[in-house]
Each structure stands twice: as C-alpha cells, then as structure tokens.
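**Student:** Pasting the sequence and the predicted model now:
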Amino acid sequence: AFALEPSAADPDAVGWIEEQRAAGRQVIGLNIHPMLIKNVRESELGKITGPMVNALARISNDRAVSWMMLPHDYRSVDSDLRCLTPLHEGLRDVDGVETYLLEGEPRATELKALAGHLDGVVSGRMHLAIAALGMGVPVLGIAYQGKFEGLLKHFGLPESLMLTPQSLSDVDDVVTKVEAFLADLPDLTQQVERNKPRILALAHENFVAYAEDRAA
C-alpha cells in the first residue's frame, strides 16, 4: 500500500482544496464508517455522526479549517457513505463551516493522489491512513483495530494521534484531540517527511523478498 503509485486526483476536489487554502484555511480529510460500532444498526449511526457534527462545528468556530469527507469503502452494508453523507449534511447546515463530500467511487490510486493535497487526515480506515502517510500527510487515526499503533510507530509518531470509536461520542475529547492535531501539523508533517523514504524503502524490500521466495 505504501508503494502504490498515485494517479490523477479529482480536479473538482483539488479545486475546492485550493480555494479553501487560498482563504487561509487548513484542509483536513475525514473518514468515519459503520464498522467503528460492531454490528451497528442504522438507527445507531447517529451515535457517531451526531457528536462528530457538534465537535467539528466547535473546532471550525475556533480555527480556520475545512473538512473533506473521504469515503474509502463502498460496500453496501459497511459503506463509509452511511456515516459520511449525514456528517457532511449536518455540517453543511452549520453557518461558517466549509465541507465537501467526495462523490463517485474513486480508485485507491486517485484517493492517494487526493490525500497528498490535504494538510492532514482523520481516518478510521487503515489503508486511507497509509495512503496519506505515503504522500507525506499526517494522520489522526480512529483505532478500531490494533494495527494503527504499529503504523504510527513506523513514522515515530506519538500514540496520542489516535481516537477510539468509543471516544467519538465524547464531543470534548474529539475537540481536544483534533485541535491538538491541527496545531501540531507543521511539526508532524516534517516528522512524516523525514521518515517517508525509509518506510518506502522497507515497502519495496517486501517485493524483493517476495520475488526471491517465488524464485526459490
């Protein structure tokens, strides 16, 4: 996943990012999804989206920041759009909040390219987090699997860059974690960029080892 070559990003999405940045805003990608609540029913999705609307609205009131909804999984039952669409609609109804929902079903290469245009990504999807880090963009993970901790360690990033699914219902906790992430983005970006060549080299070594095993 780290070695995946990005393709062209959606021009409309890139244009929106550039407009927001020209207005002096940080632009943050956001992914939350139904699997953050085990065996979730439709009526329970509001436990995620409702508090997130309130948290992101509060953050937007304090900081110049815009939110891009980044769906990564489109499976009908667990589609990220089940959370991201109501989140986008809820934010769109709040005065002063800038939000954009990425439409269609872009390929992984296109999502990786788009991630490279962002200032940071808050992600509940591991592969989206890898795509962002592979483009030098810091990530705040929503860790519903233990793999996130190891991903952050690869880049020497602190465990504080994680939210739990349970904490998403705590507006104050989300606001505190996300605002700290936004404030630290310049330093975090440098940290990711310093470590990216080493991580990419390790990723390519996996292909060499695989080829050697196949040849043996």
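**Tutor:** Cool, the structure landed.
**Student:** Tell me the first helix or strand C-terminal of the helix or strand hosting Thr99.
**Tutor:** Thr99 belongs to strand 98-101 when assigned by DSSP states H and E. Stepping forward along the backbone from strand 98-101, the first helix or strand reached (DSSP H and E) is helix 108-115.
**Student:** now that next one: mean pLDDT?
**Tutor:** Helix 108-115 carries an average pLDDT of 95.
**Student:** Verify the stated contact: Ser66 with Ala22.
**Tutor:** No. Proximity of Ser66 to Ala22 does not meet the contact threshold set by C-beta atoms under 8 Å, at 11.2 Å. Using the backbone N, CA and C atoms, a C-beta is placed for each residue, glycine as well.
**Student:** Now Glu110: closest residue in space that isn't a chain neighbour?
**Tutor:** Closest residue to Glu110 in three dimensions, ignoring its sequence neighbours and counting by C-beta to C-beta, 6 or more residues apart in numbering: Ser7, at 5.5 Å.
**Student:** Return the alpha-carbon coordinates of stretch 190-202 using CSV.
**Tutor:** What follows is the C-alpha trace of stretch 190-202 in CSV, where atoms were taken according to Å, rounded to 0.1, in the frame of the first residue of the first chain:
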residue,chain,number,x,y,z
GLN,A,190,8.2,17.3,9.0
GLN,A,191,8.3,14.1,11.0
VAL,A,192,6.4,12.2,8.4
GLU,A,193,8.5,13.5,5.5
ARG,A,194,11.7,12.6,7.4
ASN,A,195,10.6,9.0,7.8
LYS,A,196,8.9,8.5,4.5
PRO,A,197,12.0,7.5,2.4
ARG,A,198,12.8,4.8,5.0
ILE,A,199,9.3,3.4,5.0
LEU,A,200,9.1,3.4,1.2
ALA,A,201,12.4,1.5,1.1
LEU,A,202,11.1,-1.1,3.5
